[in-house]
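Undergrad: test case, fold it:
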Amino acid sequence: MAYVGKAPLTGAYQVLDNIASGFNASTVAFNLTVGGTAVLPGNEASCIISISGVAQPTDEQLNAVDSAADLEERQNAVRSTRRNAYGDLGSQLDMQYHDNVDGTTTWKDHVAAVKTANPIPTE
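TA: All right, here's what the predicted structure looks like:
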């Protein structure tokens, strides 16, 4: 079975009865049964839900993925802001040329100022 996230440990697993025949567009709760006998899991973390052979992620796993995606989105926004603030490549090369000829650090100072003004988030 395919699995998203940490692979489940081996153990005494029970396959629940198929509830597909109970879907009628109005029923929202279903009894968990094995061989027609009701079963009650200890908590939601002790259940592995599989749909068409693919185990579904837990809320904790989904929240972790959401948090990582949010961080990456914020980081990419800062990178875009930095790209615009750095200016075009021609201007940067001109700064570097004049720094080399004049013995100045205009380009390095400009890049440092952009980085300082736009720190990339780490959390």
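
Undergrad: tell me where this protein has helices.
TA: In the chain, helices defined by DSSP state H lie at 59-86, 89-102, 106-117, listed in chain order.

Undergrad: pipe those helices into CSV and attach mean pLDDT, mean neighbour count and distance to Ala38 per row.
TA: Where C-beta positions appear, they are placed from N, C-alpha and C, glycine not excepted. Converted to CSV, the helices of the chain look like this (pLDDT from 0 to 100; neighbours: other CB atoms under 10 Å; distance: least, CB to CB, whole Å):
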stretch, mean pLDDT, mean neighbour count, distance to Ala38
helix 59-86, 94, 12, 24
helix 89-102, 97, 12, 68
helix 106-117, 97, 13, 61
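
Undergrad: between those, which gets nearest to Phe23?
TA: Each of the helices of the chain was scored for nearness to Phe23 using CB to CB, and the closest is helix 59-86 (22.7 Å).

Undergrad: now Val65: closest residue in space that isn't a chain neighbour?
TA: Excluding the flanking residues, the one nearest Val65 by CB to CB, 6 or more residues apart in numbering is Pro57, at 7.6 Å.

Undergrad: correction: Asp59
TA: In space, Asp59 comes closest to Glu44 once its chain neighbours are excluded; the distance is 7.9 Å by CB to CB, 6+ apart.

Undergrad: Asn76 and Ala55: what is the separation?
TA: Noted for Asn76: a distance of 30 Å to Ala55, by CB to CB, to the nearest Å.
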